[in-house]
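S.K.: sequence? don't have it. structure:
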């Protein structure tokens, strides 16, 4: 029994080391970036502004949400001449407010990537009146008091995910040969992922009112494993392909990799090609090359646009507290064409896009 | 050498060895990743000696310490309570939900929340104990499964119905906030008697008092009570304890109930002093950290306190290391892991040395007498 105890101790330590090693791919990037900031400001304009970019767990190099924010800040650095410092929370998410405060000590604008920062930003912003704060994916409005901003120095940057999902729904319906498509949601029950489903359904039905859509969620809120369960996404996707779906759209973060694997497996097993649709970033560029040809398109959530625009607004003295929605009209959401699989239907998708921008089509946010 | 000094020296040898080893390994990792070890460590020290960061360290160490004690109670009985994680989640959730529904005078409200948390934690741990005693289910397996059931099952099932939707949006949704009578006051006023004013919105959690009470009670229980003696005896040699008339089943159940009750208190920094509700940002993983801290602290209150403070210090260095650009936050994880790994090995080496040394000295002593 005592030996078991020691073994367990060793095992515990080894798991922690393994966890740390998993992160160390990113560590090169994270440590390198601040050094670059001092060196690369020669050619473009220069600015005294420092932006404190605060990632959520995963940080730069997650090939998704955080990476998109990193793209935005890199662009801001090149085009606006700002410098930036970046940081991400401990794996258990325990030090969010400390990170924000440390960033606020050296920055004029602090951008927090992800709605989990909402409460902490409100508290830290109140202590740092001279610093502007922006939160990605949270409106940062005080709905108890009629929707006023939760602080004079707090902006909430949100996205019209339902509009982007509408467009990939259109693409799915146009491309589907079986008349059946699938939707995999990461986590149900907290309102965000349902927006993706609602938009997707609406877009698909706009093209083909009789289309059959199979929706399935991986886990239920507050269990967030659904965003990081590729094996389960794979099983679900295989099930959908078996039921006749030939295109599946996922809004399930890291689980999506499993869906693309399922597409490859199914295509190779049956000989008729099935597809997956990616989410958040252009997944053609982020999945492994072996499954690239199954990424029909991706619904783009342009976190980089939001990060760049809010930095620019701050630089221009136009920082506005309250909610800014990045929708189709400002290309805050969109779809990708990398791989050329939907080149033949881009015109039709653009028609729908124009109708949404003009207000002719109003996309619902609930399925 | 003076035997007392000798004992203290031996007790400190292992942690000291582990610390030196961890610093060495981290330095190598830092060098490989193009960071300067000297800068990194001096940044950590400069930062860690500021009053605000000391507050951060203590706030972080508080739940870690409680988690360490919860795990240690199990270890004393040779029980691996992996379920601390699920127990504190469920306890904090129940405490947040019920605590928000009642309105009582301050101390009573806080007391009620604490009692709910401890009862829920104990009950959930008791489930694993009952399975072990009456059905022979290994507690490691049972508690791992119960962790999943608590977080992915019970909380997931109930949460949607208790979500506070009054804000009109569900991004970082949580339970309704506990009314102010259920908030434990911060200790800033007390600390500021001795120091300057604590700035930057930092609040030293009042839960630290609960942690101190838990630590003292644990020490007294283990070292000064009959139950503590039975517990240690059962843990060291179950067969001998059984022959000596200590019922093993009863001991397992009581130990698990106690472990679970203390586990229930882990989430109290969030519920009583930080967030006042259970939401998606609820700090996870403390149960697993507690296992490591209990091992590092050798299952004693002072040891666990030092381990929790050390981990608390390392965790609160993470922000400045990244923002100052001196190192990635991974270095904090690497340091924690190497300290733990090295400590487990070093304790073994020192134990071996101590045993051999005792035999030698005993031989010398008897030889000298003859």
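M.R.: Structure received. What you see is a predicted model; the values in this text were computed from it and never measured.
S.K.: So which bits of the stretch 251-370 of chain B are right by chain A?
M.R.: B:275, B:279-281, B:283-286, B:288-289, B:291-292, B:295, B:315-316, B:318-320, B:322-325, B:327-334, B:336-338, B:340-341, B:344, B:348 (Cβ under 8 Å from any Cβ of the partner chain). Every C-beta, even on glycine, is put in place using the N, C-alpha and C of the backbone.
S.K.: Could you pull up the residues touching residue 184?
M.R.: Using chain A. Residue A:184 is in contact with A:216-218, A:233, A:236-237, A:240, A:248-252, A:255-256, A:259, counting by Cβ atoms under 8 Å, 6 or more residues apart in numbering or on different chains.
S.K.: Can you look at chain B instead?
M.R.: Neighbours of residue B:184 in contact, by Cβ under 8 Å, 6+ apart: B:110, B:205-207, B:268, B:272-273.
S.K.: Identify the farthest-apart pair in the residues you listed.
M.R.: Spatially, the most separated pair among the contacts of residue B:184 is B:110 and B:205, at 12.7 Å (Cβ to Cβ).
S.K.: Quick check: neighbours shared by the two?
M.R.: Contacts common to residue B:110 and residue B:205, judged by Cβ under 8 Å, 6+ apart, are B:184, B:272.
S.K.: follow-up on the earlier one: select only the buried ones of the residues of the stretch 251-370 of chain B next to chain A in ChimeraX?
M.R.: To isolate the buried ones among these in ChimeraX, judged by 16 or more other Cβ atoms under 10 Å in any protein chain shown, type:
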select /B:275,279,280,281,283,284,286,288,289,291,292,295,315,316,318,319,320,322,323,324,325,327,328,329,330,331,332,333,334,336,337,338,340,341,344
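S.K.: Show me the residues of the stretch 251-370 of chain B next to chain A that map onto helices.
M.R.: B:286, B:288-289, B:291-292, B:295, B:315-316, B:318-320, B:322-323, B:330-334, B:336-338, B:340-341, B:344, B:348 (DSSP state H).
S.K.: just for the stretch 101-250 of chain B, where's the confidence low?
M.R.: Within the stretch 101-250 of chain B, the stretches with pLDDT under 70 are B:165-172.
S.K.: again, 80 this time
M.R.: Along the stretch 101-250 of chain B, the model assigns pLDDT under 80 to residues B:156, B:160-161, B:163-173, B:200-201.
S.K.: How about chain A?
M.R.: A:1-46, A:57-59, A:61-65, A:91-93, A:143-147, A:190, A:221-224.
S.K.: residues contacting the closest residue to chain B within the stretch 201-350 of chain A?
M.R.: Of all residues in the stretch 201-350 of chain A, residue A:223 sits closest to chain B, with a separation of 4.2 Å (Cβ to the nearest Cβ). Counting by Cβ under 8 Å, 6+ apart, residue A:223 makes contact with A:187, B:151-152, B:155-156.
S.K.: The helix or strand where residue A:325 lies pairs with which strands, parallel or anti?
M.R.: Here residue A:325, judged by DSSP states H and E, is contained in strand A:322-326. Applying DSSP bridges, strand A:322-326 is found paired with strand A:154-159 (parallel).
S.K.: Just give me how far the strand it pairs with sits from the chain centre.
M.R.: 14 Å (Cα atoms, centre = their mean, to the nearest Å).
S.K.: C-terminal to it, what's the next element?
M.R.: Next along from strand A:154-159, by DSSP H and E: helix A:161-175.
S.K.: I'd like to know which elements that following helix is packed against.
M.R.: If you count contacts as 3 or more Cβ pairs under 8 Å, 6 or more residues apart in numbering or on different chains; DSSP states H and E, helix A:161-175 packs onto helix A:192-207, strand A:247-251, strand A:275-280, strand A:295-301, strand A:333-335, helix A:346-358.
S.K.: Now do the first one against strand A:295-301, angle only.
M.R.: Relative orientation of helix A:192-207 and strand A:295-301, computed by axes from the mean of the first three to the mean of the last three Cα atoms, to 10 degrees: 120 degrees.
S.K.: how far does whatever helix or strand comes next after helix A:192-207 sit from the chain's center?
M.R.: Following helix A:192-207 in sequence order, the next helix or strand is strand A:212-220 (DSSP H and E). How far strand A:212-220 lies from its chain's middle: 19 Å, per Cα atoms, centre = their mean.
S.K.: what is the orientation angle of strand A:212-220 with helix A:161-175?
M.R.: Going by the same axes, to 10 degrees, strand A:212-220 makes 140 degrees with helix A:161-175.
S.K.: Dump the contacts of residue A:223 to JSON lines, plus distance to residue A:74.
M.R.: Listed next are the contacts of residue A:223 as JSON lines, based on distance: Cβ to Cβ, whole Å:
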{"residue": "A:187", "distance to residue A:74": "30"}
{"residue": "B:151", "distance to residue A:74": "37"}
{"residue": "B:152", "distance to residue A:74": "37"}
{"residue": "B:155", "distance to residue A:74": "39"}
{"residue": "B:156", "distance to residue A:74": "38"}
